[in-house]
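[1] turn this into a model:
(one chain, ligands or ions: 1)
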Amino acid sequence: MLRFSVLGLGAVVCLGGANLPPQDDQKLAREIYKQIVEIKSGFSTGETTPVAEAIAARLKAAGFPESDIFVGGAIPKKANLVVRFHGTGARKPILLLAHTDVVEAKREDWSMDPFQFVERDGYFYGRGTADDKAQAAIWIANLIRYKREGFKPDRDIIVALTADEEGGGPYNGVNWLLKNKRELIDAEFCLNEGGWGEIRNGKRVSNDIQVSEKYVIDFRIEVRNKGGHSSVPVPDNAIYHLAGALERLSKFSFPLKTNDVTRAYFGEMAKIESGPMKGDLAKAAEGSTEAMERVAAASPTWNATLRTTCVATMLEGGHAHNALPQLAASNVNCRVLPEDSAEYVQSTLEKVFADDQVKVKMAGEVVKGPASPLRPDLLQAVNRVTDTLWPGVATVPMMVMGATDGLYLRASGMSTYGVQGLFMDSSDIRMHGRDERMSVQSFYEGQTFLYELVKALSKRSE
Ligand SMILES: [Zn+2]
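    Residues are numbered from 1 along each chain as shown. This next block holds a predicted model:
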């Protein structure tokens, strides 16, 4: 019953405190957040255009001229929004990016309506509350605040809210803008999703800044068979071949390894950690395989940082209740370390499946970008703002295990950094999962963090 004593803490009131934006700005950010979370912008069934239009209307109401607002995209349903806040032009612009599409969410999979924005027990619930509509709402709320406050940056601040990050594909907004409207988003560097704050055992430990990321390969795993009547079964069955292969995959792990960025990451984490993992994190940073094994076993996030991972995500097969299957297929989604090649991953899967009836084919295009250089001005600014808001919390450069649109930008030559200052419990990451949520406190503190960070990056220090 004790847990019920905390109910009500998250009532709809604005929080106070030094780390939080003025109440009117909290209210504005929350309103935008609620509005866009409730727009069904699911990657495959939804539309991002209503998000772009709603934001465009808010910007116009806040006094942004129409000529500084662009709404458009690959198809009418998948519009992007780009807005420019003019600075003195002393330096090249900075691009602030967030995507407005979300992973599909089914009502029956959730304990609540995923497209209803709910505040409960200190959390905002809804699909996209963490990935990536918090950052989208914050960019816009902060831009409106800069304008209202008369802030004059020394570079243009561009915000782009884009379509179809989840799964990429032909309507991906960043890819489309790069190919068709590059002048609108061209910038010295970009801030994006992908780096967040880590909470461990209830304590904020690090504010991560994403410098490189894993890349994604989807494989179609397919078994074809002549089939037949189900009353006369034979051992050679497409579904059994596939099931056996996937079972072997479930027991397989790619080798553990580190690179420059993850070594820096584990080195920083070793300084932060006080528990039994402290020594292992330090040794993992030095390349000890035994230590890496223990670190990987201690956390799914650390595991994904230390190795390429491949996991079955979709199934299809059979054509009638009373027929032997002629087809059994699965999608296997791989998140690949920058130093592992696509060919290596494919040949490894083939070895693991160990069945020549199981065909492994790459599905879709593979985009791979270089790591961005760790700019001292950015690292210093992130450090300083982090230290002011959360004294003692380290700024940790890292590689993330999910891929983002930063991939397209990096591949096109624009350095991109994932930094949000939105803190999440590392043992309870719900992005893409059920009952996705963002802590109310984290949301508003992230709003302050990004407000101060962008200001620091667009104003020469006095
Ligand atoms: Zn995302």
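[2] point to the residue nearest the middle of this structure.
    residue 194 (4.7 Å; C-alpha atoms, centre = their mean).
[3] need the pLDDT of the closest residue to that one other than its chain neighbours.
    Counting by C-beta to C-beta, 6 or more residues apart in numbering, residue 418 is the residue found nearest to residue 194 once chain neighbours are left out, at 2.6 Å. Just so you know, the C-beta spots here come from the backbone N, C-alpha and C atoms, and that holds for glycine as well. We have a pLDDT of 94 for residue 418.
[4] could you do the one 3 residues further on as well?
    What the model reports as pLDDT for residue 421 is 97.
[5] that one contacts residue 198, correct?
    No - at 11.5 Å, residue 421 does not count as touching residue 198 under the criterion of C-beta atoms under 8 Å.
[6] settle it for me: which of those two has more neighbours?
    residue 421 (28 against 24; other C-beta atoms under 10 Å).
[7] what's the local residue count around residue 452?
    18.
[8] again with residue 346
    Number of residues near residue 346 (other C-beta under 10 Å) recorded here: 16.
[9] can you pull the contacts of it?
    Residues counted as contacts of residue 346 (C-beta atoms under 8 Å, 6 or more residues apart in numbering) are 217, 219, 360, 362.
[10] just the residues you listed: which are in strands?
    217, 219, 360, 362 (DSSP state E).
[11] any idea what the second one is bridged to?
    Spelled out, that is residue 219. With DSSP bridges as the criterion, residue 219 is bridged to residue 332, residue 362.
[12] may I have stretch 102-111 as CSV, with CA atoms only?
    The C-alpha atoms that make up stretch 102-111 are tabulated as CSV, following Å, rounded to 0.1, in the frame of the first residue of the first chain:
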residue,chain,number,x,y,z
VAL,A,102,6.5,7.5,-33.6
VAL,A,103,6.7,3.7,-33.4
GLU,A,104,3.3,2.1,-33.8
ALA,A,105,1.4,1.5,-30.5
LYS,A,106,-1.6,-0.7,-30.1
ARG,A,107,-4.3,0.1,-27.5
GLU,A,108,-4.5,-3.6,-26.5
ASP,A,109,-0.7,-3.7,-25.8
TRP,A,110,-0.8,-0.8,-23.4
SER,A,111,-2.5,-0.3,-20.1
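[13] give me phi/psi at residue 195?
    phi -120, psi 130 (degrees, to the nearest 10).
[14] mind listing what it touches?
    207-210, 398, 400, 417-420.
[15] mind checking which of those land in strands?
    Those of the contacts of residue 195 mapping onto strands are 207-210, 398, 400, 417-418, per DSSP E.
[16] which residues touch the nearest residue to residue 458 once chain neighbours are set aside?
    Using C-beta to C-beta, 6+ apart and skipping the chain neighbours, the partner closest in space to residue 458 is residue 153 (3.6 Å). Applying C-beta under 8 Å, 6+ apart to residue 153 gives the contacts 85, 87-88, 146, 455, 458-459.
[17] the residue nearest to residue 194 contacts residue 210, correct?
    Yes - with contact defined as C-beta under 8 Å, residue 418 counts as touching residue 210 (3.0 Å).
[18] tell me where the stretch 301-450 of the chain has helices.
    342-353, 376-389, 406-411, 440-457 (DSSP state H, counting those that start in this stretch).
[19] how about the longest one, which residues are buried there?
    By neighbour count, with 16 or more other C-beta atoms under 10 Å as the criterion, the buried positions of helix 440-457 are 440-457.
[20] and what of the second one?
    Under the neighbour-count criterion of 16+ other C-beta under 10 Å, helix 376-389 has 378-379, 381-382, 385-386, 389 buried.
[21] and those as TSV, adding distance to the ion?
    Output for the buried residues of helix 376-389, formatted as TSV (distance: C-beta to the ion, whole Å):
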residue	distance to the ion
378	20
379	23
381	23
382	20
385	22
386	21
389	23
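[22] just checking, which of those comes out lowest on pLDDT?
    The member of these with the lowest pLDDT is residue 379, at 86.
[23] contacts only, for that one.
    Contacts of residue 379 (C-beta under 8 Å, 6+ apart): 209, 395, 397.
[24] one more: residue 200?
    273, 425-427.
[25] in the helix or strand where residue 52 lies, what's buried?
    Using DSSP states H and E, residue 52 sits in helix 49-61. For helix 49-61, burial by neighbour count (16+ other C-beta under 10 Å) applies to 49-52, 54-56, 58-59.
[26] strands of the stretch 151-300 of the chain, start to end?
    Using DSSP state E, counting those that start in this stretch, the strands of the stretch 151-300 of the chain run over residues 157-162, 189-192, 197-200, 203-213, 215-224, 228-229.
[27] make a markdown table from the ones you listed and add mean pLDDT to it.
    A markdown table is the format used below for the strands of the stretch 151-300 of the chain (pLDDT from 0 to 100):
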| stretch | mean pLDDT |
| --- | --- |
| strand 157-162 | 98 |
| strand 189-192 | 96 |
| strand 197-200 | 90 |
| strand 203-213 | 89 |
| strand 215-224 | 95 |
| strand 228-229 | 96 |
